[in-house]
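Enquirer: Return a 3D structure for these sequence lines:
(one chain, ligands or ions: 2)
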Amino acid sequence: MNAPLAIPTLGPLRDARGRSKRKLRVSLTDRCNLQCLYCMPEHPKWLPREQILRRDELVRLVRLFVTELGVREIRLTGGEPLLRRDVVDIVAELHALRGLGLERIAMTSNAARLAPVAADLRRAGLDDINISIDSITPARFRELTNGDIAPVQAGIVAARAAGLTVKLNSVAIRGYNDDELLPLLRWAYTQDLPLRFIEFMPLDGRGFWNREKVIEQAEILAMARQAFTVTPLPRTAEPADYVLLDGRFRLGIIPTISNPFCSSCDRVRLSATGELYACLFSAAGRDLKTPLREGADDQALASAIRQHIWHKEAGYAERSGYVERPITMHRLGG
Ligand code: SAM
Ligand code: SF4
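Expert: Numbers count the residues shown, from 1 in each chain. Ligands and ions are numbered 1, 2, ... in the order given. Model (predicted):
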């Protein structure tokens, strides 16, 4: 099918490669209470607060994505989204958009500060939370994140008790946690906590990514076969490929490097400073904060969004290697 020549002015957000956008990831802050080796620069410089979108600005943009552009799912991320003091209010205000088409509100968090707010977040309207945990051994967890594992585990318990759907995310890096992957998987299995391994992406703030450090999907599956029977499940619109372990446990692998899912990508990203990124690997975003603060109306903002997304690149599938750009993962929102 040939792509239409003109940028659509109505209907769901689409790019010229025929991909519709149903999901928006919103970074609430560039700040973080951990310092994961694979994400944060060694000496992070936090952005001035006035550059970060205020709650009213953020909710206005999300409302536009939902009502005018067909977005159905929001994922709050960061930095660490729980460092926003108004995070529960943000969720509550987004919850009010459900009548307008929003179907799901999710969060990705390191969970270190989750336990005290898990029930409030659920009551405010949060549906599910992906929690990052790259090792189940306290000493190794600290080496990787510069933080304690105990509050993270408490956060997981609190999230489940509050009725949130919980999934675990773990970045697999050769030489850093390869020997931890099977223990983590066994632990998740016994806890019945769905787990997804993420291939290490060339977006780290320290520039230490290289191809050899990527533990590929095939290798992770071979590791899982050492302990479980592995049955592949059909691919869905999700970025993860899933398998069933011993006929009951869902293990996901996000094979961004070895088997990119770019051709079916249905997500776009809003940075903490209000820049719209069409792709996680985009070299630059489109500034929405300036027109927003200068009084642009919804129509002008929607048109700027449509134009930017229309020109979305093919993605990682058509490039490779390290991504050199001023914005790193913790600012853009992973
Ligand atoms: N602070 C939250 C957390 O850690 O879950 C949310 C932000 S974090 C940037 C979002 C996700 O990106 C996490 O699951 C993290 O593991 C992942 N991530 C960060 N840097 C990565 C990298 N270089 N390669 C693959 N995944 C990465
Ligand atoms: Fe913080 Fe998440 Fe990045 Fe770790 S991955 S440094 S928790 S933003």
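Enquirer: Who are the contact partners of the residue of the chain found nearest ligand 1?
Expert: Per C-beta to the nearest ligand atom, Gly334 is where the chain lies closest to ligand 1, at 2.5 Å. Heads up, the C-betas are built off the backbone N, CA and C, glycines and all. By C-beta atoms under 8 Å, 6 or more residues apart in numbering, Gly334 lies in contact with 39, 77, 108, 203, 280.
Enquirer: For the protein, what lies in contact range of ligand 1?
Expert: 32, 38-39, 77-78, 80, 108-110, 132, 169, 171, 198, 200-201, 203-204, 329-330, 334 (C-beta under 6 Å from any ligand atom).
Enquirer: rerun at 5 Å
Expert: 38-39, 77-78, 80, 108, 110, 132, 169, 171, 198, 200-201, 203-204, 329, 334 (C-beta under 5 Å from any ligand atom).
Enquirer: can you tell me which of those residues are up against ligand 2?
Expert: Subset of those in contact with ligand 2: 39, 110, counting by C-beta under 5 Å from any ligand atom.
Enquirer: returning to what we had before: could you work out the most separated pair of the contacts of Gly334?
Expert: Thr108 and Leu203 (14.5 Å; C-beta to C-beta).
Enquirer: okay, how far is it across stretch 36-53, tip to tip?
Expert: Stretch 36-53 has an end-to-end distance of 24 Å (C-alpha to C-alpha, to the nearest Å).
Enquirer: Quick one: mean pLDDT over that stretch.
Expert: Per-residue pLDDT over stretch 36-53 has a mean of 93.
Enquirer: same deal with stretch 67-84?
Expert: pLDDT averaged over stretch 67-84 gives 97.
Enquirer: and what of stretch 123-142?
Expert: 97.
Enquirer: Near ligand 2, which residues of the stretch 101-250 of the chain are found?
Expert: Asn110.
Enquirer: Tell me which stretches of the stretch 101-250 of the chain form helices.
Expert: 118-124, 138-145, 150-161, 181-191, 217-225 (DSSP state H, counting those that start in this stretch).
Enquirer: Okay, strands next: where are they in the protein?
Expert: With DSSP state E as the criterion, the chain has strands at 23-27, 73-77, 104-109, 128-132, 165-172, 195-199, 230-232, 241-245, 249-254, 267-270, 275-277, 286-287.
Enquirer: From the rest of the structure, what touches the shortest one?
Expert: Residues from elsewhere that reach strand 286-287, judged by C-beta under 8 Å, 6+ apart: 274-276, 304-305, 308.
Enquirer: before we move on, the earlier item: reformat the helices of the stretch 101-250 of the chain into TSV and put mean neighbour count next to each item.
Expert: Below are the helices of the stretch 101-250 of the chain laid out as TSV (neighbours: other C-beta atoms under 10 Å):
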stretch	mean neighbour count
helix 118-124	19
helix 138-145	17
helix 150-161	19
helix 181-191	17
helix 217-225	17
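Enquirer: Go ahead and confirm Thr165 touches Asp127.
Expert: Yes: between Thr165 and Asp127 a contact is recorded at 6.5 Å, counting by C-beta atoms under 8 Å.
Enquirer: Settle it for me: which of the two has more neighbours?
Expert: Taking other C-beta atoms under 10 Å, Thr165 and Asp127 do not tie; Asp127 has more neighbours (18 against 14).
Enquirer: For that one, grab phi and psi.
Expert: phi -90, psi -50 (degrees, to the nearest 10).
Enquirer: wait, what's in contact with it?
Expert: Contacts of Asp127 by C-beta under 8 Å, 6+ apart are 104-106, 164-165.
Enquirer: at 10 Å instead, please
Expert: Asp127 sits next to 73-74, 91, 95, 103-107, 121, 163-165 when contact means C-beta atoms under 10 Å, 6 or more residues apart in numbering.
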